[in-house]
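K.L.:
this one's sequence-less:
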């Protein structure tokens, strides 16, 4: 995946216990879920953010490695990087502008050590304008009151979402939302846990460098449009003592004020019907309704003369 350095965007990945759980394996699990590829192995590439930096910063910034991935869902596509950060070094503005969020890996089984490391990273993490903020644990034991409470308090104080990679749950897996087209997990479906939750957060983010996909305009079938027309005709005619009579273009034949009251009372139903139409049909429907209302209040015919001919 080739990127212009000016358009690079991504997330920091910070590992509080790299000696226990290698960051590479954790990042690969995320990339596999994003790509729907269980067998993929991904390699980080060095990214040069130090072109305009001092000599010392240039050396440090050249050590930043990013795992590139293509985000592609029904709404947009975008190139994103996961930056494997191992040192708390100074950053330059160019790199800071590329970062949209942070994922922190935390080993709950080594809570005492990891929590100290987490706190040591906090000042570095706070330098970025992070919109995605996830603290990911291998497994959380909520029976360990002090440890779990401490971790949750840190998340609340720092506005992080706590994600459990291996939650203890008896929920039925059949409830998972899937995409109707290809069976893949729907990234905007119900909230999940673990790696799936991480990828949902990545998909749901508004990436500054993304290509939006055109939303196909809904076009009801002729049969459905006929049913809608019959439904609205029934709404307007009603079963009241003074039924409102309409012609084929929804123009009122009877100008009685009771008919106007009936018509106005059903305005919201007409609005719902209009929302089901294409843009062209919706404009025609709006013009028909305007004529109907005008006639219902006994408006001057000359004011709408010729309007019917334009429909």
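P.N.:
Cool, the structure landed. Note that the structure is a prediction, hence the values are computed from the model and not measured.

K.L.:
going by C-alpha atoms from here, please, whenever you check contacts or count neighbours.
P.N.:
Noted.

K.L.:
what helices and strands are in contact with the longest strand along the chain?
P.N.:
Using DSSP state E to define each element, the chain has its longest strand at strand 76-85. In this structure, strand 76-85 packs against strand 10-15, strand 65-72, strand 211-212, with contacts taken as 3 or more Cα pairs under 8 Å, 6 or more residues apart in numbering; DSSP states H and E.

K.L.:
so what would you say the end-to-end distance of stretch 131-151 is?
P.N.:
Using Cα to Cα, to the nearest Å, the span of stretch 131-151 from its first residue to its last is 20 Å.

K.L.:
just to revisit the earlier point, residues making contact with the longest strand of the chain?
P.N.:
The set of residues that contact strand 76-85 without belonging to it, under Cα atoms under 8 Å, 6 or more residues apart in numbering, is 1, 3, 8-14, 23, 27, 64-72, 207, 209-213.

K.L.:
next, the buried residues of that strand.
P.N.:
77-85 (16 or more other Cα atoms under 10 Å).

K.L.:
ok, of those residues, which one's closest to residue 121?
P.N.:
Minimum distance to residue 121 across these is 10.6 Å, recorded for residue 85 (Cα to Cα).

K.L.:
ok so, going back, out of the contacts of strand 76-85, which are buried?
P.N.:
The neighbour-count criterion (16+ other Cα under 10 Å) marks 8-14, 23, 27, 64-69, 71-72, 207, 210 among these as buried.

K.L.:
what is the rounded mean pLDDT of stretch 268-283?
P.N.:
In this model, stretch 268-283 has a mean pLDDT of 74.

K.L.:
that one: end-to-end distance?
P.N.:
End-to-end distance of stretch 268-283: 16 Å, with Cα to Cα as the criterion.

K.L.:
which SSE is immediately downstream of the strand or helix carrying residue 97?
P.N.:
When elements are defined using DSSP states H and E, residue 97 is found to belong to helix 93-98. Later in the chain than helix 93-98, the nearest helix or strand by DSSP H and E is strand 99-106.

K.L.:
hmm, who's touching that following strand?
P.N.:
Contacts of strand 99-106 from elsewhere in the structure, counted by Cα under 8 Å, 6+ apart, are 9-17, 114, 118, 125, 128-138, 207.

K.L.:
what's the first helix or strand after that strand?
P.N.:
Counting by DSSP H and E, what follows strand 99-106 is helix 111-125.

K.L.:
now that next one: buried residues?
P.N.:
Quick answer for helix 111-125 (16+ other Cα under 10 Å): 111, 114-115, 118, 121, 125.

K.L.:
and those, which is closest to residue 283?
P.N.:
Sorting the buried residues of helix 111-125 by how near they are to residue 283, with Cα to Cα, puts residue 125 at the top with 52.0 Å.

K.L.:
for the residue lying closest to that closest one once chain neighbours are set aside, give its distance to residue 83.
P.N.:
Excluding the flanking residues, the one nearest residue 125 by Cα to Cα, 6 or more residues apart in numbering is residue 102, at 7.5 Å. Look at residue 102 and residue 83: by Cα to Cα, they are 9 Å apart.

K.L.:
for residue 300, same thing?
P.N.:
Distance from residue 300 to residue 83, by Cα to Cα: 70 Å.

K.L.:
what of residue 75?
P.N.:
Distance check for residue 75 against residue 83: by Cα to Cα, it reads 24 Å.

K.L.:
next one: residue 270
P.N.:
Spatial separation of residue 270 from residue 83 under the definition Cα to Cα is 52 Å.

K.L.:
longest helix of the protein?
P.N.:
Of all the segments assigned as helix in the chain under DSSP state H, the longest by residue count is helix 279-296.

K.L.:
name the residues of it that are buried.
P.N.:
When burial is assessed from 16+ other Cα under 10 Å, helix 279-296 yields the following buried residues: 282, 284-285, 287-289, 291-296.

K.L.:
quick one: low-confidence ranges for this structure?
P.N.:
Scanning the chain for pLDDT under 70 picks out the ranges 1-5, 50-63, 90, 169-191, 215-221, 223-267, 296-298, 304-311.

K.L.:
domain-wise, how is it divided?
P.N.:
With automatic domain parsing as the criterion, the domains of the chain are listed as 5-212, 222-310.

K.L.:
ok, which stretches of this structure are helices?
P.N.:
So, for the chain - with DSSP H - the helices run 23-35, 55-61, 93-98, 111-125, 145-158, 194-204, 222-237, 257-265, 267-275, 279-296, 307-310.

K.L.:
out of the helices and strands packed on strand 76-85, nearest to residue 147?
P.N.:
Scanning the helices and strands packed on strand 76-85 with Cα to Cα as the criterion, the closest one proves to be strand 10-15, at 18.3 Å.

K.L.:
so which other helices or strands are in contact with the closest one?
P.N.:
Using 3+ Cα pairs under 8 Å, 6+ apart as the test, strand 10-15 ends up in contact with strand 76-85, strand 99-106.

K.L.:
before I go, just wanted to say thanks for your time.
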